[in-house]
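Q: quick one, what's the 3D model for this:
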Amino acid sequence: MSIPIQQDLTVPVSGTMVTPGYSPYTPSLSPIVTNIKLSTLFTYTPAQVRDTWFSMGQLEIDNRTRVYTRNTVFRCVEATAPLNGAMFYCDSDYTLNPNFSWTNMMVEDINSGTIIDNTTYVVDPHFFIVLTQTAFLAITSPYDNSWVPFQEVNSNSKVIIDDDDINRILIDIGVPFIKVAELEYSRDDICNYMIFPALQVFYKWFPIETMANYPLPDATFNIKVPTWAFGAGRIMLNPGYPVGPVPGNPLYRYFDEVLMSISPRGAFSTPNINSSRRQGFVDTMSFSTYILERAARSGIINYGSRTRIKFFQNQGYIKGYCTKRGILEITWLSMSNFWSDIPMNRVDEVRDLAKSYALRAFAQLRSQARSDIPGAINYEHFMSRADLLEQRTIELWQAASKAAVVRV
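A: Numbers count the residues shown, from 1 in each chain. Just a heads-up that it's a prediction; the model follows:
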């Protein structure tokens, strides 16, 4: 898969800024992205990343830069920024909001290149660090004038796959006895219209899950889906008060909102003091204290428990409502363009589905020839095998993803 970026221990990682033993976010598990150029950039050596920056115009930015263009590589030269001197990749066209500052940005996960704002602890979905300043200064090789970046992806193919894997998919059509270049469809067409749809169906049933945390200071939330994800699988709330970069003890909020309002004086009501909220007699056995203590325990457990939040996905945003405050733990769902990222125990199934799409596409095309020509070949067996492979694979995935409820 992707080669991890060289770790720079001098780069401030946001996890060192929080209370020891607790991290207010969950780092990305792997550099899974849908941008093929960014995925390819992760596989380059530090010298190749530097040469890519040189060949693309040596763009430098600071806090005055507000407009960014997709697929550009730039170097941060903001002297006040912790990531000064590092190189970044812009994943999408973006105009910065007034609150964005490179001074607040830190590394969230060095392997996936994600960066995070150390004031809001929100991962920025537009910029990815591809080379640290230490790695840049450690390069000793000279600039390669012949280097042209992204040659391996300029073929407009949506899938990064080896020729051997393509041959295994097309073996029922006659490959490698027949060269891929001799087929009616080009290699790019086969990847984009036969293999890529199979990957989409696979990751629909078995998506890549990446957890990220977001503060929830209000009752509602409206969070943009990252460019590398196609949706959210589940959202959990970890209660905490006050809500800030580091979630506090959920008991604080419970005592502040519930228990402290029991007495008009803003404190616990003692068993022997009458009030409008208590019985009008002296509790000689202190039984009301026992009830209050049990109610407090139950309330604290209910309020401090981890809760699953119902949400809706509309127009690229995750929207929802919650009466509690704390940290939202969102499980983002994504897919990968790399064929090698498919789990080993599912490779055969994805290959069969891609093979069914290829058999059907070639059969439909070749069946358009006149059938009364001498020596014409009947491609009906292509169609029947394609239907068999597709049906068998889809039924297997449907059965594998069914939920079971066990009552105890």
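
Q: which helix or strand contains residue 313?
A: Counting by DSSP states H and E, the element that carries residue 313 is strand 311-314.

Q: so what strands line up beside that strand?
A: Using DSSP bridges, strand 311-314 pairs in its sheet with strand 317-321 (antiparallel).

Q: and the partner strand, average pLDDT?
A: Strand 317-321 carries an average pLDDT of 91.

Q: just use 516 as the starting number from now, easier for me
A: From this message on, residue numbering opens at 516, which makes the last subject strand 832-836.

Q: chain center to that strand: distance?
A: 17 Å (C-alpha atoms, centre = their mean, to the nearest Å).

Q: elements contacting the next helix or strand after that strand?
A: Using DSSP H and E, the helix or strand that follows strand 832-836 towards the C-terminus is strand 841-849. Other elements packing on strand 841-849 under the criterion 3 or more C-beta pairs under 8 Å, 6 or more residues apart in numbering; DSSP states H and E are strand 723-731, strand 735-739, strand 744-754. C-betas here are computed from N, CA, C, even on glycine.

Q: all the helices of the stretch 816-923 of the chain, residue numbers only.
A: Remark: helices assigned in the stretch 816-923 of the chain by DSSP state H, counting those that start in this stretch are 862-881, 895-915.

Q: show me what the last one is in contact with.
A: When contacts are defined by C-beta atoms under 8 Å, 6 or more residues apart in numbering, helix 895-915 is touched by residues 687-688, 716-717, 720-721, 864, 867-868, 870-872, 874-875, 877-878, 881.

Q: distance to residue 826 and mean pLDDT added to the helices of the stretch 816-923 of the chain, as JSON lines?
A: Output for the helices of the stretch 816-923 of the chain, formatted as JSON lines (distance: least, C-beta to C-beta, whole Å; pLDDT from 0 to 100):
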{"stretch": "helix 862-881", "distance to residue 826": "29", "mean pLDDT": "93"}
{"stretch": "helix 895-915", "distance to residue 826": "24", "mean pLDDT": "91"}
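
Q: most tightly packed of those helices?
A: helix 862-881 (a mean of 20; mean count of other C-beta atoms under 10 Å).

Q: report the angle between it and helix 895-915.
A: Interaxial angle, helix 862-881 versus helix 895-915 (axes from the mean of the first three to the mean of the last three C-alpha atoms, to 10 degrees): 150 degrees.

Q: buried residues in the strand holding residue 828?
A: For strand 826-829, the neighbour count (16 or more other C-beta atoms under 10 Å) marks residue 826 as buried.

Q: centre of the chain versus it, how much separation?
A: Relative to the chain's own centre, strand 826-829 is displaced by 17 Å; criterion: C-alpha atoms, centre = their mean.

Q: what's opposite residue 646 in the beta bridge?
A: On the basis of DSSP bridges, residue 646 is bridged to residue 602.

Q: make sure it is actually in contact with residue 602.
A: Yes. Residue 646 lies in contact with residue 602 (C-beta atoms under 8 Å); the separation is 4.0 Å.

Q: any chance of the helices and strands packed on strand 841-849 in TSV with distance to residue 677, mean neighbour count and mean pLDDT as columns?
A: Formatted as TSV, the helices and strands packed on strand 841-849 follow (distance: least, C-beta to C-beta, whole Å; neighbours: other C-beta atoms under 10 Å; pLDDT from 0 to 100):
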stretch	distance to residue 677	mean neighbour count	mean pLDDT
strand 723-731	20	20	86
strand 735-739	35	14	89
strand 744-754	25	18	88
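
Q: kindly reformat those as CSV containing distance to residue 855.
A: As requested, the helices and strands packed on strand 841-849 are exported to CSV (distance: least, C-beta to C-beta, whole Å):
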stretch, distance to residue 855
strand 723-731, 13
strand 735-739, 29
strand 744-754, 20
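
Q: of these, which approaches residue 624 most closely?
A: Nearest to residue 624 among these is strand 723-731 (9.7 Å), distances taken as C-beta to C-beta.

Q: now the angle between strand 841-849 and the closest one, please.
A: 150 degrees.

Q: tell me what strand 723-731 is packed against?
A: Using 3+ C-beta pairs under 8 Å, 6+ apart, strand 723-731 sits against strand 744-754, strand 841-849.
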